[in-house]
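Participant: this is a predicted model, with the sequence first.
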Amino acid sequence: MDWKRIRILVLDPDDQIRFHLRMILGRVQPARIMGTDAAGEALLMVSQYGPQAALVGVAGKGSPGIEFLRRLRAAANSPCPALPVVVMAGEDDDAPLGEACELGIEGVLRRPIAEAALLSTLEGTIRAPRRMGPDDLGLKGRGSSRPAVFFSAPSFALKNDDLDLLAQARRASSSKPPPPPVSPAARSRGVGGVPSGGCAPSVKPVGVEVAPAAPERPSPRQVGPQRVGQQQVGREAVPAIPSGDVSKPVRPKAMDVDTSSAPPRRREGRGVDLPSAGPPVPRKGTPAADGASPDPEALRRADIARRLEVHREWVLSRGVSGQKGVFAGENLEEWPLKEALLSQAELREARLGDADLEGAFLGGADLRFADLSGARLDGADLSVARLRHAGLRLASLTGANLRGADLSGADLSGARLGDADLTGAVLLEACLDDADLGAVVGLVRSQLRAVSGNAGTRLPIGMWLPEKT
């Protein structure tokens, strides 16, 4: 599936959950990710941007996700009653999950949400949306007994403020000429900006400029000779000779090229004689001109500097320009990376031992099996970073942001974490021998169920290591 044409709506009252989902979805680079914590604003986003799917969190009474579903499925006033919805719920959220199922959903994700499950569920829902029932969720006999699928308008409607905004949007869209119709076959392939399973936006998003489409270039078979005032010579159009003046031949302009050293050669398929170009002459002062081979280390460092700059441009432009940096297996131990912008970079198995990464931006980066022994990561942003089996022995992580980071199997022996934020971090089978976690924030007991440590491990007050079996 071409994710670059997909728009996704995320509705959840928890800012951290929305951030976590945005980081995961950002790896496949969808066209747009809209996030909000309010049902009314989510409905306006559906009307304005026309997403292909919605991720909606439901938990407890008064959940904005349930309110959003109620108003979305109200066919009379909804901007898109058939929008595919994937609900996110915890293990103890059977009651709101059953209510959401009655309103109409196409998928369910149980928290905590894994990246593979999220992407596969979204892709399946967008490709072939199918309304789910209580039997699909194993909720038969629990909650309400009303049918799971219905599209009739219930007794509630959009709020007055939302109705006014939607009315303004529809009036603005009605003043423009309607777009050309899209055939059912083209719509099923996603032609026309509306992939299957989605809803077309009712108005152009505010603040978004739409560039005019470039005129299509004719194929070579469609290119014919220019018969009005021109004659076709190969592929080069030249002025035609006037019909009444044939005594004066039209001479081509002289080419400012010295062809005395080599005979002209004919370019295949072009019908135009061009002088043959000799080998490039190196400039004076370059290694090739002096006869010396270039330094491989200098070339490598220049290539790394170029890729870092291109990746920085990619991050700042949100993927519009530049290119994602891939440094898998690279030796970056002596590279100056203080406050470097490496968000979502590929650094798997990279060698970063004793590297200065203080204040670096590594959110969402792939650092699996990377060697970060003795690295200075104080104040670095490692949120949602993949650090599975990374070597962080004796690393300094004081004040680092590790929210949602995956540290499964990582070696943190002797590491100093100071006041690092470990909210939502995964520490499964991590080694904490002699590690200092005494002042970390966001750590809960459940995160320490499967870690290993020793007598030198320092934990916050009220925390302890699991008993060895």
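Facilitator: Structure received.
Participant: for residue 42, what is the enclosing helix or strand?
Facilitator: helix 39-49 (DSSP states H and E).
Participant: adjacent strands (with direction) for the helix or strand following that helix?
Facilitator: Next along the chain after helix 39-49, taking DSSP H and E as the criterion, comes strand 53-57. With DSSP bridges as the test, strand 53-57 is paired with strand 7-11 (parallel), strand 85-89 (parallel).
Participant: with only the CA atoms kept, save strand 53-57 in CSV.
Facilitator: The C-alpha trace of strand 53-57 is given here as CSV (Å, rounded to 0.1, in the frame of the first residue of the first chain):
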residue,chain,number,x,y,z
ALA,A,53,-9.0,5.8,8.6
ALA,A,54,-9.3,6.9,12.2
LEU,A,55,-7.5,5.6,15.3
VAL,A,56,-9.8,6.3,18.2
GLY,A,57,-9.1,5.6,21.9
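Participant: who's in contact with it?
Facilitator: 6, 8-14, 17, 21, 42, 46, 63, 65, 68-69, 83-89, 100, 109, 122, 125-126, 197-198 (Cβ atoms under 8 Å, 6 or more residues apart in numbering). C-beta here means a position set from N, CA and C on the backbone, and glycine is covered the same way.
Participant: what angle separates the helix or strand following that strand from strand 7-11?
Facilitator: As assigned by DSSP H and E, the chain's next helix or strand after strand 53-57 is helix 64-72. Taking axes from the mean of the first three to the mean of the last three Cα atoms, to 10 degrees, one finds helix 64-72 and strand 7-11 inclined to each other by 120 degrees.
Participant: which residues are in contact with helix 64-72?
Facilitator: Under the contact criterion Cβ under 8 Å, 6+ apart, helix 64-72 has outside partners 11-13, 37-39, 42-43, 46, 54, 56-59, 77-81, 83, 85, 87, 96, 99-100, 103-105, 154, 156-158.
Participant: need the three-state assignment for the closest residue to residue 3 other than its chain neighbours.
Facilitator: Using Cβ to Cβ, 6 or more residues apart in numbering and skipping the chain neighbours, the partner closest in space to residue 3 is residue 28 (4.2 Å). Under DSSP: H, G, I helix; E, B strand; the rest coil, residue 28 falls in the coil class.
Participant: thinking again about what came up before, now the buried members of the contacts of helix 64-72.
Facilitator: Among those, those scoring as buried are 11-13, 37, 39, 42-43, 46, 54, 56-59, 77-80, 83, 85, 87, 96, 99-100, 103-105, 158 (criterion: 16 or more other Cβ atoms under 10 Å).
Participant: thinking residue 329 is in contact with residue 346, fair?
Facilitator: No - the pair residue 329 / residue 346 is not scored as a contact, 9.9 Å apart, by Cβ atoms under 8 Å.
Participant: more neighbours: those two, which one.
Facilitator: Regarding residue 329 and residue 346, a neighbour count based on other Cβ atoms under 10 Å identifies residue 346 as having more, with 19 against 13.
Participant: ok, the residue nearest to that one when sequence neighbours are not counted to residue 307 distance?
Facilitator: Among residues not flanking residue 346 along the chain, residue 326 sits closest, at 4.3 Å (Cβ to Cβ, 6+ apart). Separation of residue 326 from residue 307 (Cβ to Cβ, to the nearest Å): 8 Å.
Participant: higher neighbour count, the two?
Facilitator: When neighbours are counted by other Cβ under 10 Å, residue 326 and residue 307 differ, and residue 307 comes out ahead with 18 against 14.
Participant: show me the shaky parts of the stretch 101-250 of the chain.
Facilitator: Of all residues in the stretch 101-250 of the chain, those with pLDDT under 70 make up the ranges 138-250.
Participant: now tabulate the strands paired with strand 53-57 in a markdown table and tack on distance to residue 432 and mean pLDDT.
Facilitator: Formatted as a markdown table, those follow (distance: least, Cβ to Cβ, whole Å; pLDDT from 0 to 100):
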| stretch | distance to residue 432 | mean pLDDT |
| --- | --- | --- |
| strand 7-11 | 33 | 94 |
| strand 85-89 | 31 | 93 |
